[in-house]
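J.: Make a model of this:
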Amino acid sequence: MRALRKQIAGFWDMPPGGITPALAVLSVAFAVGALVGLFLAAQVGGEGQESLSTYLQAYLAAAKTGNATPPEPVAAIWEAVRWPLLTLLLSFTALGVIGIPAIFAVRGFLLSFAVSSFVRIFGGAGAILAFFAFGFTGLISIPALFLLGVQGLLSAMELTGRILVGGKSSPSLPGRIFWARSGLCAAALALSAALECWAVPALLASVAELF
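T.: Residues are numbered from 1 along each chain as shown. Okay, the predicted model is just below:
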């Protein structure tokens, strides 16, 4: 039992400096992106807002009759993994120090813009619609992205430090814990994609009568 507890604790083990700096940087980047998305959603008007409103109304009308087309599995998987995959790839380069926070800013912007647009078009009830559209998958995909982002930013920072001090030794490759966390995130993202394909359309259909 003690050995099992050590293995579980080791799964979350991070460098001596801790995860706080990396987590703080990514949280700020995500929040800044979200604020920009909120601001821009409030500024959209004219044909842009009309087109978005028409599209959402048409989708809800189809959902009410059960004719809404669920996303293709390949598209849902790509939607779920594109940002985490890019985050993972940037973990192995010094560019990750800038690129990973940029990913979080973009992700925060897209989520905030989408939710804010729903609320602007449908009022307070739009928050319910947004939760059913993005909430269930977001509760899985966002924590997975943060886990990948924190460990990826720490890895990129270590590599950058080696470069800045002129180190000629090759950087150490990520260990089993790194890949174990990545595997856990991959499983979570697969679940998120499955929900996007089969659960979210049914949930939206169940609340479509409210709009």
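
J.: Every contact and neighbour count from this point should use C-alpha atoms.
T.: Will do.

J.: ok, now which ones touch residue 139?
T.: Not one residue lies near residue 139 by Cα atoms under 8 Å, 6 or more residues apart in numbering.

J.: what packs against the one helix or strand residue 88 maps to?
T.: If you go by DSSP states H and E, residue 88 is part of helix 73-90. Contacts defined by 3 or more Cα pairs under 8 Å, 6 or more residues apart in numbering; DSSP states H and E place helix 73-90 against helix 96-122, helix 136-164, helix 176-194.

J.: most centrally placed residue in the chain?
T.: Closest residue to the average C-alpha location of the chain: residue 142 at 4.0 Å, with Cα atoms, centre = their mean.

J.: ok, back up a step: including distance to residue 41, could the helices and strands packed on helix 73-90 go into CSV?
T.: Shown next, in CSV, are the helices and strands packed on helix 73-90 (distance: least, Cα to Cα, whole Å):
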stretch, distance to residue 41
helix 96-122, 5
helix 136-164, 19
helix 176-194, 25
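
J.: so which of these comes closest to residue 200?
T.: helix 136-164 (7.9 Å; Cα to Cα).

J.: what's the following helix or strand after the worst-scoring helix or strand of the chain on mean pLDDT?
T.: For the chain, counting by mean pLDDT, DSSP states H and E, helix 2-11 ranks last in confidence among helices and strands (a mean of 46). Heading C-terminal from helix 2-11, the first helix or strand you meet, by DSSP H and E, is helix 20-43.

J.: How about residues contacting that next one?
T.: By Cα under 8 Å, 6+ apart, helix 20-43 touches 100-102, 104-114, 116-117, 120, 146, 149-150, 153-154.

J.: follow-up on the earlier one: what confidence value was assigned to the residue nearest to the centre of the chain?
T.: Turning to residue 142, the model gives it a pLDDT of 97.

J.: Fine by me, we can end here.
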